[in-house]
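*Asks:* Give me coordinates for this.
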Amino acid sequence: MKRFLSAAALIAMAGAAIATTNVGVSVSIGQPGFYGHIDIGNMPPPRIIYPAPVIIRQVPVGVMVQPVYLRVPPGHEKNWRKHCYRYNACGQPVYFVQQSWYTQEYAPRYRQEHGMREDDHGHGKRKKKGHDGH
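*Replies:* Predicted coordinates:
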């Protein structure tokens with residue numbers, strides 16, 4: 001019994017140590033690792049994966065729901081029923097944007113319009129408008 005309690009205590013301490021070293025990482029729109037809702041705004045229509053929006057859970061008749069544009073990790077769009085809850089989009093029509101459109105067109109323009117540097121990877125560094133950063 002004493003061995004069992006000692007082992008349980010060691011496991012609990014290891015778990016606490018792991019929990020305290022857990023570091024949250026935040027990735028913002030415009031960065032390479034961002035997945036989620038994309039605000040198209042005044043940009044030209046994006047290149048999308050499927051021509052029609054994907055809807056998992058139909059909305060009631062008479063309720064109008066605007067489609068959303070999402071960037072998801074490769075493969076999520078193929079099994080959307082399994083992943084839609086992560087994006088709070090099971091009851092919405094979803095257009096999946098192509099990865100190449102996001103990385104080559106959307107992200108660079110977003111970074112430029114929001115004053116983010118090309119090498120800003122979630123550290124909140126922004127270049128000041130009108131300055132070259134030196």
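*Asks:* tell me the phi and psi of Gly91?
*Replies:* Taking degrees, to the nearest 10, you get phi -100, psi 20 for the backbone angles of Gly91.
*Asks:* got it, and Ile38?
*Replies:* For Ile38, the backbone dihedrals are phi -120, psi 130 (criterion: degrees, to the nearest 10).
*Asks:* pLDDT below threshold where in this protein?
*Replies:* Using pLDDT under 70 as the threshold, the predicted model of the chain has low-confidence ranges 1-27, 117-134.
*Asks:* if we go to 90?
*Replies:* 1-33, 40-45, 57-65, 110-134 (pLDDT under 90).
*Asks:* quick one, helices of this structure?
*Replies:* In chain order, the chain shows helices spanning 2-20, 80-83, 99-101, 107-113, with DSSP state H as the criterion.
*Asks:* which parts of the third one are buried?
*Replies:* Buried residues in helix 99-101, counting neighbours by 16 or more other Cβ atoms under 10 Å, are found at Trp101. For every residue, glycine as well, the C-beta is placed using N, CA and C.
*Asks:* cool, the last one as well?
*Replies:* Taking 16+ other Cβ under 10 Å as the neighbour-count basis, helix 107-113 is seen to contain the buried residues 107, 110-111.
*Asks:* Determine the set of other helices and strands touching it.
*Replies:* In this structure, helix 107-113 packs against no helix or strand, with contacts taken as 3 or more Cβ pairs under 8 Å, 6 or more residues apart in numbering; DSSP states H and E.
*Asks:* What ranges does this protein have for its strands?
*Replies:* 36-38, 68-71, 94-96 (DSSP state E).
*Asks:* Make JSON lines out of the buried residues of helix 107-113 and add distance to Ile29.
*Replies:* Converted to JSON lines, these look like this (distance: Cβ to Cβ, whole Å):
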{"residue": "Ala107", "distance to Ile29": "8"}
{"residue": "Tyr110", "distance to Ile29": "6"}
{"residue": "Arg111", "distance to Ile29": "9"}
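*Asks:* and of those residues, the nearest to Pro74?
*Replies:* The shortest approach to Pro74 among the buried residues of helix 107-113 belongs to Ala107, at 16.3 Å (Cβ to Cβ).
*Asks:* Good, we can wrap up now.
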